[in-house]
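Participant: Here is a sequence together with a model predicted from it:
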There are 2 protein chains.
Amino acid sequence: MAAVTYEHIKTCKQTGARLGRVHTPHGVIETPAFMPVGTQATVKTMSPEELKAMDAHIILSNTYHLFLRPGHELVKKAGGLHKFMNWDRPILTDSGGFQVFSLSDIRKITEEGVQFRSHLNGDKLFISPEKAMEIQNALGSDIMMAFDECPPYPATYEYVKDSLERTTRWAERCLKSHARPGDQGLFAIVQGGMYADLRKQSAEQLTSMDFPGYAIGGLSVGEPKHLMYEMLECTTPLLPTGKPRYLMGVGSPDALIEGAIRGVDMFDCVLPTRIARNGTVMTSAGRLVIRNAKHADDLGPLDPECSCYTCTNYSRAYIRHLIKADETFGIRLTTYHNLHFLLELMRGVRQAIREDRLGDFRDEFFTKYGLHDNDKGF
Amino acid sequence: MAAVTYEHIKTCKQTGARLGRVHTPHGVIETPAFMPVGTQATVKTMSPEELKAMDAHIILSNTYHLFLRPGHELVKKAGGLHKFMNWDRPILTDSGGFQVFSLSDIRKITEEGVQFRSHLNGDKLFISPEKAMEIQNALGSDIMMAFDECPPYPATYEYVKDSLERTTRWAERCLKSHARPGDQGLFAIVQGGMYADLRKQSAEQLTSMDFPGYAIGGLSVGEPKHLMYEMLECTTPLLPTGKPRYLMGVGSPDALIEGAIRGVDMFDCVLPTRIARNGTVMTSAGRLVIRNAKHADDLGPLDPECSCYTCTNYSRAYIRHLIKADETFGIRLTTYHNLHFLLELMRGVRQAIREDRLGDFRDEFFTKYGLHDNDKGF
């Protein structure tokens, strides 16, 4: 029995979006799902209890960051990441690949793996597919990601082709060296940049191996949104219907809906937590910058249609005061709201699929949110 | 009927410490009590629910800070400080005097009041006794403090005498201009520096007026602790037994116990929250600096004898990781622990008074905590 399985509930007749459940050793994820990001074994500013109160089913944590600090051996000694951070629901750990390429200054890619310098202290480090498995096996996440290269955008056809082929070979090595397949599900990552035929090549190579789930990587890296949707449209039909599909690094409200419509089941992004720390929140009427002077005397909630802890108990004026005064509680309140907003959005998406009306749901949301085409939004 | 009254329950036969209750419009404070400080309408990093979970009976907020930002008029418009910050238990606001003298660069004291420049933007501002009442009446705190001058340490006899006499005249003006005596109790502040006869003069002048409570100010300003205790010993006997006594700015565990023994009912201090943000915690075995390398692999709690949320759920290794990684949740956890530690200490103090054994309790605590005389401690 695989550690991670997908249960398909229904397909939206209006859009083709999938309603389902991902079963993991630490519980069930209702899909389509948004996963809050807890990079360093904590979702910034939040407690596990708060994440449960907003009914997050799963969180994501970062292999690269935990490898550097506090080290996967310590987390293993603590009984795994769940116990270390006091979170008993599912955890997905990424592969470390994206961070190696985006955060470290100097790196050298070989067939064996990637040599790089720690962005914290300059230490020379090396991650191979086998090392990525060792780290994630130590962390004990429910869902692990195969080590991959995420090519930059734009990149030449030749570069992307070479890269995805290496990523395929790395995925095979990950599968072989994964030590706990009964406890942790390993997902492969489809690459291929913005080239439809390379996306096809990557998907075909990876689906020829038996992974319990597939991610779509290398999108939302600076390309226009219509190109992202195009790539999704030529990728998801190639993925097995009986396994979950995860679109990495996507979390703007419009892209979550559009992604679900294109057959994606799982999403993650730092967007809601990151913009919250700058005092920007998502509301049913669009984006709101709480620092703006016009909110100084506003005793209404961030979003009159929101039922979250923040909107139930605090005014825009109070939250603006806290953020202007550099008070941590201010960003706790905006973070809580933004995460709740996206989780609530996904509850709405799931309900709309259930009712075969996700297309209508999208149109209503876009109109209200002030979006008119797919390239707008956050 | 006064807004704030003191109910005496019993006096410790071993020490003379008082067990009591302060009744306020927003509920009862069991005394001796420690009050967490919420300078800018928030106890740094904490939610109101967390403060209730650790059973804080009252918090303190700062008149000076709220006057500057967001302004008392806005707080009044929001329905008062309780509603603004979502805290429905008692609130004490200080007079603003201490901050005017300690935070603002340029100030000029006249009989009328104090002219100073905002530490935020340099604005020229003025607070008089009448203004301090206007601000605190707008904030709607349960307990207000009369506007006072807190002289520096050391200060000459002449300076302190002139200052305390002006503070007395200001207290009288506060009493006269207090607009909501039925809703808010106004406490006077005994000054007098480190001069026993001036403490006596101040106490006598202020107790000749009818305040519902008295604070002891101008202590814990840099003097050795034995001098602070000496000043307490010559002040508290002069205060009416039927009214609460509040020692301002004191919050080290040893001084809380020693203060209670000398007849103090209420205390406040930024110490627990401030040191928590540097990663220092108070434990039953003394102080602990979580950043120290020796805690890196320690999977035990901050304090094995503590039952707080932090100690129940998280290890030293995890908390150290969070603080080293600049994660807000780390200082949430240390702040929670430190506040819980002092509130639990005060529960112990109250129980010891109930059992006529506060002297024994002090000796046991000091031994365990590694303190041997009154000048040690935090």
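Facilitator: Noted; the coordinates are in hand.
Participant: which residue sits farthest out from the middle of chain A?
Facilitator: A:Asp297 (35.8 Å; C-alpha atoms, centre = their mean).
Participant: measure the residue most central in space within chain A to A:His65 for me?
Facilitator: Closest to where the C-alpha atoms of chain A average out (C-alpha atoms, centre = their mean) is A:Asp268, at 1.5 Å. Between A:Asp268 and A:His65 the distance is 14 Å, computed by C-beta to C-beta, to the nearest Å. Backbone N, C-alpha and C define where each C-beta goes, glycine included.
Participant: before we move on, what about A:His8?
Facilitator: 33 Å.
Participant: which of those two has more neighbours?
Facilitator: Neighbour comparison, A:His8 and A:His65: the larger count goes to A:His65, with 20 against 15 (by other C-beta atoms under 10 Å in any protein chain shown).
Participant: Tell me the pLDDT of that one.
Facilitator: According to the prediction, A:His65 has pLDDT 96.
Participant: before we move on, what about the one 5 residues further on?
Facilitator: Per-residue confidence at A:Pro70 stands at 98 (pLDDT).
Participant: Where does it sit: helix, strand or coil?
Facilitator: In three-state terms, and counting by DSSP: H, G, I helix; E, B strand; the rest coil, A:Pro70 is coil.
Participant: Quick check: closest non-adjacent residue to it.
Facilitator: B:His321 (4.1 Å; C-beta to C-beta, 6 or more residues apart in numbering or on different chains).
Participant: Next up, the contacts around the one you found.
Facilitator: Counting by C-beta atoms under 8 Å, 6 or more residues apart in numbering or on different chains, B:His321 touches A:40-41, A:69-70, A:74, B:327, B:330.
Participant: Just the buried residues of stretch A:350-370, please?
Facilitator: A:350, A:352-353, A:357-359, A:361-362, A:365-366, A:369 (16 or more other C-beta atoms under 10 Å in any protein chain shown).
Participant: May I see those residues arranged in TSV, with secondary structure, distance to chain B and pLDDT as well?
Facilitator: Output for the buried residues of stretch A:350-370, formatted as TSV (DSSP: H, G, I helix; E, B strand; the rest coil; distance: C-beta to the nearest C-beta, whole Å; pLDDT from 0 to 100):
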residue	secondary structure	distance to chain B	pLDDT
A:Arg350	helix	29	98
A:Ala352	helix	33	98
A:Ile353	helix	34	98
A:Arg357	coil	37	98
A:Leu358	helix	35	98
A:Gly359	helix	40	97
A:Phe361	helix	33	98
A:Arg362	helix	35	97
A:Phe365	helix	30	97
A:Phe366	helix	33	95
A:Tyr369	helix	28	91
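Participant: Look up how far A:Val75 lies from A:Tyr64.
Facilitator: 14 Å.
Participant: and what of A:Leu19?
Facilitator: A:Leu19 is 34 Å from A:Val75, by C-beta to C-beta.
Participant: These two: which is more packed in?
Facilitator: A:Val75 (26 against 22).
Participant: So that one belongs to a strand, correct?
Facilitator: No - under three-state DSSP, A:Val75 sits outside any strand and is assigned helix.
Participant: Can I get the lowest-mean-pLDDT helix or strand in chain A as CSV, trimmed to CA atoms?
Facilitator: When each helix and strand of chain A is scored by mean pLDDT, DSSP states H and E, helix A:97-103 comes last, with a mean of 84. Extracted C-alpha coordinates of helix A:97-103, given in CSV (Å, rounded to 0.1, in the frame of the first residue of the first chain):
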residue,chain,number,x,y,z
GLY,A,97,16.2,22.2,-5.9
PHE,A,98,14.4,25.5,-6.3
GLN,A,99,16.2,27.1,-3.3
VAL,A,100,19.6,25.8,-4.3
PHE,A,101,19.2,27.7,-7.6
SER,A,102,17.4,30.8,-6.3
LEU,A,103,19.1,31.4,-3.0
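Participant: I'd like to know the phi and psi angles of A:Lys10, please.
Facilitator: When read as degrees, to the nearest 10, the backbone of A:Lys10 gives phi -160, psi 160.
Participant: Excluding covalently adjacent residues, which one is nearest to the residue of the stretch 101-250 of chain A at minimum distance from chain B?
Facilitator: Residue of the stretch 101-250 of chain A nearest chain B, by C-beta to the nearest C-beta: A:Leu120 (9.1 Å). Once flanking residues are discounted, A:Leu120 sits nearest to A:Leu68: 5.7 Å by C-beta to C-beta, 6+ apart.
Participant: Can you get me a residue count around that neighbour?
Facilitator: 22.
Participant: again, but for the one 5 residues further on
Facilitator: For A:Glu73, the number of neighbouring residues by other C-beta under 10 Å comes to 13.
Participant: Repeat that for the one 5 residues further on.
Facilitator: Under the neighbour criterion other C-beta under 10 Å, A:Ala78 is assigned a count of 21.
Participant: Give me the pLDDT for A:Ile189.
Facilitator: The model reports A:Ile189 with a pLDDT of 98.
Participant: tell me the contacts of A:Val4?
Facilitator: Applying C-beta under 8 Å, 6+ apart, the residues near A:Val4 are A:22-24, A:142-143, A:184-185, A:212-213, A:244.
Participant: I'd like the residues you listed written out as a markdown table, with pLDDT and neighbour count added.
Facilitator: Formatted as a markdown table, those follow (pLDDT from 0 to 100; neighbours: other C-beta atoms under 10 Å in any protein chain shown):
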| residue | pLDDT | neighbour count |
| --- | --- | --- |
| A:Val22 | 98 | 28 |
| A:His23 | 98 | 19 |
| A:Thr24 | 98 | 24 |
| A:Asp142 | 98 | 24 |
| A:Ile143 | 98 | 30 |
| A:Gln184 | 98 | 24 |
| A:Gly185 | 98 | 28 |
| A:Pro212 | 98 | 22 |
| A:Gly213 | 98 | 25 |
| A:Pro244 | 98 | 30 |
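Participant: Quickly check those for the two that are furthest apart.
Facilitator: A:Gln184 and A:Pro244 (14.3 Å; C-beta to C-beta).
Participant: Specify the local secondary structure of A:Ala132.
Facilitator: helix.
Participant: Please name the nearest non-neighbouring residue to it.
Facilitator: A:Phe147 is the one closest to A:Ala132 (C-beta to C-beta, 6+ apart), at 3.8 Å.
Participant: now do A:Phe98
Facilitator: A:Cys150 (4.8 Å).
Participant: so what's the backbone phi/psi at that neighbour?
Facilitator: Residue torsions, per degrees, to the nearest 10, at A:Cys150 are phi -100, psi 100.
Participant: Which pLDDT value belongs to it?
Facilitator: 93.
Participant: and if you look at A:Leu342?
Facilitator: 98.
Participant: Ok, A:Asp373 next?
Facilitator: So A:Asp373 comes in at 58 (pLDDT).
Participant: just A:Lys376 next, same as before
Facilitator: 42.
Participant: returning to what we had before: could you check how far the residue nearest to A:Ala132 is from A:Leu125?
Facilitator: With C-beta to C-beta as the criterion, A:Phe147 and A:Leu125 are 14 Å apart.
Participant: Looking at those two, which is more packed in?
Facilitator: Ranked by neighbour count (other C-beta under 10 Å), A:Phe147 and A:Leu125 place A:Phe147 first, with 29 against 17.
Participant: can you list the residues of chain A near chain B?
Facilitator: Contact residues (C-beta under 8 Å from any C-beta of the partner chain) of chain A with chain B: A:40-42, A:44-47, A:69-70, A:74, A:77-78, A:84-86, A:296-297, A:299, A:313-315, A:317-318, A:320-322, A:324-325, A:327-332.
Participant: From those, which land in strands?
Facilitator: Among those, none falls in strands (DSSP state E).
Participant: just the buried members of those?
Facilitator: A:40-42, A:44-47, A:70, A:74, A:78, A:84-86, A:296-297, A:313-315, A:317-318, A:320-322, A:324-325, A:327-332.
Participant: Next step: those restricted to helices.
Facilitator: A:74, A:84-85, A:313, A:317-318, A:320-322, A:324, A:328-332 (DSSP state H).
Participant: And these, which is closest to A:Met54?
Facilitator: Using C-beta to C-beta, these come closest to A:Met54 at A:Arg332, 12.4 Å.
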